[in-house]
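Novice: Quick one, what's the 3D model for this:
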Amino acid sequence: MSATSVPHISPLDDAGPAEESGEPGRVPPSPTAAPSPAAFSAARDTTYDFTIDVVDMYTLLKTASVRREASDITIVVLAEQGYLAASPTSPTLAITFKTLEHFRLLRLRKPSFSVEAFAKVLCDSYALPYRRRYRTALSSCFDVYLMILYTIEKRMQVALGRDTPDWRVKNVCPACSYELEDEVDLKFRRIFCFDGNNSLKRVAKFGDRTVADTREFKHSDYYLSPEFVDKYKDEVQGASARGPQIGLDQDSDADEDADGASEAGDSSLRECTRNWKAAAPEQDKTMWSIFEETGIFASACRHGFILWITDMIRSGELFKYPIAIVAKALTTLGSRLLIGFDVGCSLAGTIERSSLAAEFNRQECRICVDAFHGYSHSHQCQTQNHPSGIEGAGIEDLGTMERVFSASNQLASVVRYASRYHRHALIDMYFKQWDEDKYLNIGTMLLGNYRQALKILEEDTKAVEDALEVLQCSTADLGQWEKEEATYFATVGTEDPANVAAVEYVTLLRELQSIENQLSNVTSAFIASVPEDWSSAPDVTSSRPAYSTDASRTRKRETERRHLREKWDRTLRDVIALELQMGIINRWQPTSHEYLSASQYISQRDYRVALEKLHGLVVQRLFELHNMNISQTAYKVRTYIAKNLQRRSQAIRTAVRHYNTAAQALTPPRPDLDWTKVTHYTFLEEFEFLRDTHSDVRRKPWAQPLARETMKKARRIARAKEEILRLNVEVRRLHTSIIDENIALERTLTRIRSQGDPITGPLEVFVLRRNRVNVRVLAVVSQIHNLSGFTGSAQPGRRAGTRHTAETSTAPEPQTGPTPEDIRQEMGELSHENQDDGMDDVDMANLSRLVNFAMNVT
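Specialist: Have a look, this model is predicted:
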């Protein structure tokens, strides 16, 4: 059930005189007795009447004559006649409510449409040059207009019983929240994700300049307060307090290391975080101190409904932001939550070391990575945290926030220099409309997922069966191979502590031998520089012209010899200390078995270093290729990324050469890598295979290409079956919630009408619009029911926790809601839309991005 939203009407449609139009919210004038002739004879006092300049984009009137009595308040009289004064005292300009409502609707559909742009439109409509006072008046009136709408919305929430704490979060998504009696118990009750975005930055004040607008926006239930978020800033000290991005060069939090995983944590988690950072565009790796808010950190359920938002204040993505949202979710959403995050593997470790650990584990919640960013993580991490391998995740990619931010980036241009109040107001208004659009399209989302899951079952099931025949194995073998794979990747690339000590010891021995050789050469050169005719009492008055030169050279060689001797002494002390620690009695010699084994292991380490460098460059290349097609990426940014790709390609060529050199130093040598092969690496598990220098893992059954592809398809089939199970539950929840909501809305409207409440007009419009949206959603639900592979129930259920009473079972239901004919008409509209093969805005945008990408690459 969606949260209450502001109806698209003038706030005074239910008050004051209005022409009878038959529209809900329009109250026809009550019949009154005809005035007596004496009334006409009495002269009316026009002393307080006035004329005022007005802005009305519908009638284009420039002035309006207003009748006012002595006891009337000017702005109230203007409001009764449909105008909103630009000033509370002695107004000289007023704007019609219809004009303000039109501007609000434009902003809902085009968030980047500014006040100044609309003011210019009004001036053009009036055939006037741009007048700045129109922009100032429009800004002031629009603030007041929104306050009126917030008041109306609050009263409607009270009337509908939707004013309890966290009502919106608990009920905004019926597919997630409207749990029914006797429904299938899902492994994860809710699936949601969160992420940060730095597009919605706001410039801080400069120097000691005074901020004029000091208001605080307190009309939103989307925002978590900075005070609530800061309660979790000290949950985990050290490097793990930092998120995956580099923040400002100031503030205590920003001075920490940005690895995102504690030094005591798993090295694979630190590697995942490094991969994520390496893939970030260069311009995103440093925040500028000129911004007060450096972006937002937001969360949304798998259906796209926004849960909570918090400002990132003078920082990057600190871990306090996701931890605060997790804390709020544990107390609000309940148990068995699956949460997706770019570096969910690292965040999971942070939560385990925080005060939330006990409650998080008690409620059986889990954090994982999203599907896209998951492929930049180590394959060891993917086997544990990628949603494709998590039972109960379905085919959800947990990439909702990428789509949310791709759209909300339109707000960037209008909030960058706004006040804190206006920035919050615009963001709140945008996400309210976003949630309304998501509710309208929730049925389409469920229908698309159902079709996708059925397609996976149809196409991959046969392919897996054929592959099992070729491999001569069973599905049980695939499961066993997956366990072997997870065990292998959990240990590949790790180092034995004994090997680490041996490497350090041999490195010191090599350094000691190198210093000895240098010292021997310098000593020999020093002795050779002594002249043959040297005497113990040289003649200082000698006329030899090269004496001063020889003396200078001798001093330099003596200084070099002394420094090498000191360095040799320090290195020898380190060698002796390590020998005592390792219990070595006889010093290893270059021909000893231990020395040779450690030298071979050092070659393997050099090989891994070269491989890691190549791995990181390929990850950056993959992400930059993706960023080339990010929606609404600016032309200069795309050009910048294209140039980076050119440099990255050259760096990869160099890294391949270094890798091949290190590979040839192994015993036995590893095959060389070809540049063209590396550029086609798209799944980073290929690098994991190369890391194992002790055995050829490709001989394992699960490492064969056909076996790996079969294992992936088998996992896709398992996730598709889980998705269908979840969709059966969610579709029935949605169906039931619409029926229950229509009944509840009509009951509330009947009660409010009988009470003569002024909120009746706006509530009538809200109910009308909601019913029309529900018709569209039910039409799509009917399409889901008609799918050939649909396995759920087409009958609505009963919400869990609903009281069973005689009154609720016998009382007649109000005659409201969509009729079967309404649904049939809406299904006809849907069929017309499906037959439209023209290019829509999305298709045109995709084509434009493709053309720009080709031009930049060229």
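
Novice: Show me where the stretch 401-550 of the chain dips below the pLDDT cut-off.
Specialist: By pLDDT under 70, the low-scoring segments of the stretch 401-550 of the chain are 488-499, 526, 528-547, 550.

Novice: Please, where are all the helices along it?
Specialist: With DSSP state H, counting those that start in this stretch as the criterion, the stretch 401-550 of the chain has helices at 412-415, 420-471, 475-491, 497-528, 547-582.

Novice: What residues sit buried inside the shortest one?
Specialist: In other words, helix 412-415. 412, 414-415 (16 or more other CB atoms under 10 Å). (Each C-beta comes from the backbone N, C-alpha and C, glycine too.)

Novice: Please name the nearest non-neighbouring residue to Arg131.
Specialist: Nearest residue to Arg131, sequence neighbours excluded (CB to CB, 6 or more residues apart in numbering): Cys123, at 5.9 Å.

Novice: That neighbour and Arg135 touch, don't they?
Specialist: No: if you go by CB atoms under 8 Å, Cys123 and Arg135 don't touch, sitting 9.1 Å apart.

Novice: Nearest the middle, which residue of this structure would you pick?
Specialist: In the chain, the centroid-proximal residue (CA atoms, centre = their mean) is Asp195; its distance is 3.0 Å.

Novice: Isn't that one up against Gly344?
Specialist: No: counting by CB under 8 Å, Asp195 sits too far from Gly344 to count as a contact (10.5 Å).

Novice: for Thr136, what are its contacts?
Specialist: Thr136 makes contact with Ala86, according to CB atoms under 8 Å, 6 or more residues apart in numbering.

Novice: After the one helix or strand it maps to, which helix or strand is next? Please name it.
Specialist: For Thr136, the host element (DSSP states H and E) is helix 132-160. Downstream of helix 132-160, the next assigned helix or strand under DSSP H and E is helix 167-171.

Novice: Output the longest strand belonging to this protein.
Specialist: strand 291-301 (DSSP state E).

Novice: Give the buried residues for that strand.
Specialist: Going by neighbour count (16+ other CB under 10 Å), the buried part of strand 291-301 is 291, 293-301.

Novice: Equivalent analysis for stretch 716-732, please.
Specialist: Neighbour counts over stretch 716-732 (16+ other CB under 10 Å) mark 716-720, 722-732 as buried.

Novice: what residues does stretch 724-737 touch?
Specialist: Residues outside stretch 724-737 that contact it (CB under 8 Å, 6+ apart) are 1, 174-180, 183-184, 186, 394, 442-443, 446, 449-450, 453-454, 457, 777-778, 781, 784-785, 789, 791-793, 795-799.

Novice: how far does it sit from the chain's center?
Specialist: Relative to the chain's own centre, stretch 724-737 is displaced by 26 Å; criterion: CA atoms, centre = their mean, to the nearest Å.

Novice: what does stretch 73-84 give?
Specialist: On CA atoms, centre = their mean, the centre of stretch 73-84 falls 44 Å from that of its chain.

Novice: tell me the mean pLDDT over it?
Specialist: Taken as a whole, stretch 73-84 has an average pLDDT of 93.

Novice: sorry, back to before: to Ile390, which of the helices of the stretch 401-550 of the chain lies closest?
Specialist: helix 475-491 (12.6 Å; CB to CB).

Novice: pull the CA atoms of that closest one into CSV?
Specialist: C-alpha atoms of helix 475-491 as CSV (Å, rounded to 0.1, in the frame of the first residue of the first chain):
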residue,chain,number,x,y,z
THR,A,475,23.2,-32.7,-10.3
ALA,A,476,24.6,-34.0,-7.1
ASP,A,477,28.1,-34.0,-8.6
LEU,A,478,27.6,-30.3,-9.6
GLY,A,479,26.8,-29.5,-5.9
GLN,A,480,29.9,-31.4,-4.8
TRP,A,481,32.1,-29.6,-7.4
GLU,A,482,30.8,-26.2,-6.1
LYS,A,483,31.9,-27.2,-2.6
GLU,A,484,35.3,-28.2,-3.9
GLU,A,485,35.6,-24.9,-5.8
ALA,A,486,34.7,-22.9,-2.7
THR,A,487,37.3,-24.8,-0.7
TYR,A,488,40.0,-24.3,-3.4
PHE,A,489,39.4,-20.5,-3.7
ALA,A,490,39.3,-20.1,0.0
THR,A,491,43.0,-21.1,0.2
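
Novice: Was I right to think Thr51 contacts Thr63?
Specialist: Yes: if you go by CB under 8 Å, Thr51 and Thr63 touch, sitting 5.4 Å apart.

Novice: before we move on, the earlier item: and the helices of the stretch 401-550 of the chain as JSON lines, adding distance to Leu100?
Specialist: Shown next, in JSON lines, are the helices of the stretch 401-550 of the chain (distance: least, CB to CB, whole Å):
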{"stretch": "helix 412-415", "distance to Leu100": "17"}
{"stretch": "helix 420-471", "distance to Leu100": "13"}
{"stretch": "helix 475-491", "distance to Leu100": "60"}
{"stretch": "helix 497-528", "distance to Leu100": "70"}
{"stretch": "helix 547-582", "distance to Leu100": "77"}
